[in-house]
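Engineer: just a sequence and a predicted model for now, questions to come.
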Amino acid sequence: MMRLAPQSEAPRAAVTSPKSAATADDAQHLAGLLASIANSRCRRSFSELFRYFAPKLLAYGSRQFGNEQIAADLVQETMTNVWHKAHLFNADKGAPATWIFTIARNIRFDLLRKNKHRRDEISADELWPILSEQNESLEDDYALDREILMQEIGAYYAQLPEAQREVIEKIYIEGKSQQEVSDALGIPLGTVKSRTRLALIKLKELIA
Amino acid sequence: MIKAHPTDAMLHAYVAGELNSASALVVSTHLDMCPHCRRMANAVEEELACEFESAPAAQLDGDDMHLMLDAIFSSSASKFDTEVSPYPAQAEAQAPVKPKDAMITLEGKRFQLPRSLANQKHRIGPWSKMMGNMWRAPINLGTDEVANLIYMDRATSVPEHTHRGTELQLVINGVFKDEYGSYSDGDMLVLDHTHQHTPETTDEDCLILAVMDAPLHFTSGISRLLNPFSSLFFR
């Protein structure tokens, strides 16, 4: 239940992208190519994207594998992914080079282990979920939960048992963390968590 | 507030795809729980992508390029998704995990798993009781690595031991402490032979994700007698 606890923001990472203005324009152009691949299956856009990235991917693959043939497989598989999954690229989340690099990284991981042939083996995409919305949606879910709670729950809120209402009030209205609530009320953290959980279950029942 | 994070080197190795599956599972689950490390990982990702983009490109001759392009244009999207794709779990991974699917139950208690772990729920094996009030469920990653969920009930302790290999532990829910500190939701520890410790829970229970590459080694008093059986703590 930890994502329900509003957390104080850790300081933003000090590392900034070392991009110049010129490469930002390039990135915008490459993002445009991806968009036209996604929207109209444009082969000319893809060919241009391919001519730009394939030699870079081949260099990356050669460094990683020390084998030209496997490096070529990596180029082929990565760019096949790009062709079929261009619609999953989101320019708001990063540059095209970053997206394509992470696809190549995952394919490299799987290619390195391909000889073992275990069908149930966990795949790179499960461990590095780049072709998915996972990372962002964690916060989105929380934001949504919170909004729904704030807007719709007011009427039901009064029906909660006193002990649960107190905890929910401190977390959702005063914005305290579960640990802070535990300290403030002098009750164990586990109790705060279970009261929060019970209260949310109760509220869900009331709303349904 | 999460206070034990992966080292920069470990985050870097994770982003570069150089950790083994079990360690990567621990780091990705930590990232689910830790916005700070998520931002760090994104920054490292941009840095590595920048290196990838600016490194000297290899020569790819025109004929090879055309062959590859033809193969890509004639590849079938549906075949790609079902057979050739290295991403079998992609469709599922993209769908948000429903809260009830992310729950596991043990001894009448329910726990919400972070997303990375919830996506692997089908890999979590049955719970078995270890010594005392500890339970363990193996996570079958389909590799040779050992990953377990470990549950310590309240007021439970593990005899003092050290680690012959390296063990990564991530607190999923609850609190445990040892000689060095107290760890709760999201804290990730790297333990090796330099750490001799006695983990214990007091008034809260604790669910931990643990991966290790060698059995524990018990170090004090009568618990040394456990060493022949220390694989109990391994697989």
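Structural biologist: All right, it came through fine.

Engineer: please count neighbours and contacts with C-alpha atoms only from this point.
Structural biologist: Will do.

Engineer: any idea of the pLDDT on residue B:84?
Structural biologist: pLDDT, residue B:84: 33.

Engineer: also residue B:103?
Structural biologist: 83.

Engineer: residues in contact with stretch B:141-148: which ones?
Structural biologist: The contact list for stretch B:141-148 (CA atoms under 8 Å, 6 or more residues apart in numbering or on different chains) reads A:118-122, B:21-22, B:123, B:136-140, B:209-213, B:234-235.

Engineer: buried residues in the one helix or strand residue A:27 maps to, which are they?
Structural biologist: Using DSSP states H and E, residue A:27 falls within helix A:21-40. Buried residues in helix A:21-40, counted by 16 or more other CA atoms under 10 Å in any protein chain shown: A:27, A:30, A:31, A:33, A:34, A:35, A:36, A:37, A:38.

Engineer: before we move on, the earlier item: okay, and which of the contacts of stretch B:141-148 map to helices?
Structural biologist: B:21, B:22 (DSSP state H).

Engineer: in strands only, show me the contacts of stretch B:141-148.
Structural biologist: Under the assignment DSSP state E, the contacts of stretch B:141-148 contribute B:136, B:137, B:138, B:139, B:209, B:210, B:211, B:212 to strands.

Engineer: related to what we said a few turns ago, tell me the average confidence for the helix holding residue A:27?
Structural biologist: Here the average pLDDT along helix A:21-40 is 85.

Engineer: tell me the centre residue of chain B?
Structural biologist: Taking CA atoms, centre = their mean, the centroid of chain B lies closest to residue B:26, which sits 1.8 Å from it.

Engineer: doesn't residue B:171 make contact with that one?
Structural biologist: No: in terms of CA atoms under 8 Å, residue B:26 does not count as a neighbour of residue B:171; the distance is 10.0 Å.

Engineer: identify the contacts common to these two.
Structural biologist: Contacts common to residue B:26 and residue B:171, judged by CA under 8 Å, 6+ apart, are residue B:209.

Engineer: turn the buried residues of helix A:21-40 into JSON lines, including distance to residue A:183.
Structural biologist: As requested, the buried residues of helix A:21-40 are exported to JSON lines (distance: CA to CA, whole Å):
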{"residue": "A:27", "distance to residue A:183": "49"}
{"residue": "A:30", "distance to residue A:183": "52"}
{"residue": "A:31", "distance to residue A:183": "49"}
{"residue": "A:33", "distance to residue A:183": "54"}
{"residue": "A:34", "distance to residue A:183": "51"}
{"residue": "A:35", "distance to residue A:183": "51"}
{"residue": "A:36", "distance to residue A:183": "55"}
{"residue": "A:37", "distance to residue A:183": "55"}
{"residue": "A:38", "distance to residue A:183": "52"}
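
Engineer: any idea which of these is closest to residue B:112?
Structural biologist: residue A:38 (36.3 Å; CA to CA).

Engineer: wait, what's in contact with that closest one?
Structural biologist: With CA under 8 Å, 6+ apart, residue A:38 has these contacts: A:85, A:86, A:87.

Engineer: most neighbours out of those residues, which is it?
Structural biologist: Neighbour counts for these (other CA atoms under 10 Å in any protein chain shown) peak at residue A:86, which has 22 neighbours.

Engineer: can you tell me the element the residue nearest to the centre of chain B falls in?
Structural biologist: helix B:21-33.

Engineer: next SSE after that helix?
Structural biologist: By DSSP H and E, the next helix or strand past helix B:21-33 is helix B:35-54.

Engineer: residues in contact with whatever helix or strand comes next after that next one: which ones?
Structural biologist: Helices and strands here follow DSSP H and E; after helix B:35-54, the next one along the chain is helix B:62-74. Helix B:62-74 is contacted by residues A:43, A:47, A:51, A:76, A:79, A:80, A:83 when judged by CA under 8 Å, 6+ apart.

Engineer: how far away is the fourth one from chain B?
Structural biologist: To tie it back to what came earlier, the one meant is residue A:76. Distance, residue A:76 to chain B, by CA to the nearest CA, to the nearest Å: 6 Å.

Engineer: any idea how chain A splits into domains?
Structural biologist: Under the assignment automatic domain parsing, the domains of chain A span A:29-115+A:125-132, A:136-207.

Engineer: for residue B:11, which of those domains is the nearest?
Structural biologist: Comparing the domains of chain A by CA to CA, domain A:29-115+A:125-132 comes nearest, at 12.1 Å.

Engineer: quick one, what contacts residue B:104?
Structural biologist: Neighbours of residue B:104 in contact, by CA under 8 Å, 6+ apart: B:110, B:111, B:112, B:113.

Engineer: cool, residue A:48 as well?
Structural biologist: Shown in contact with residue A:48 (CA under 8 Å, 6+ apart): residue A:33.

Engineer: adding distance to residue B:75, write the domains of chain A out as CSV.
Structural biologist: Listed next are those as CSV, based on distance: least, CA to CA, whole Å:
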stretch, distance to residue B:75
domain A:29-115+A:125-132, 8
domain A:136-207, 31
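
Engineer: to residue B:52, which of those lies closest?
Structural biologist: Comparing those by CA to CA, domain A:29-115+A:125-132 comes nearest, at 6.7 Å.

Engineer: lowest-confidence helix or strand of the chain?
Structural biologist: As the question left the chain open, I've gone with chain A. Lowest by mean pLDDT, DSSP states H and E among the helices and strands of chain A is helix A:134-152, with a mean of 43.

Engineer: actually chain B
Structural biologist: helix B:90-94 (a mean of 37).
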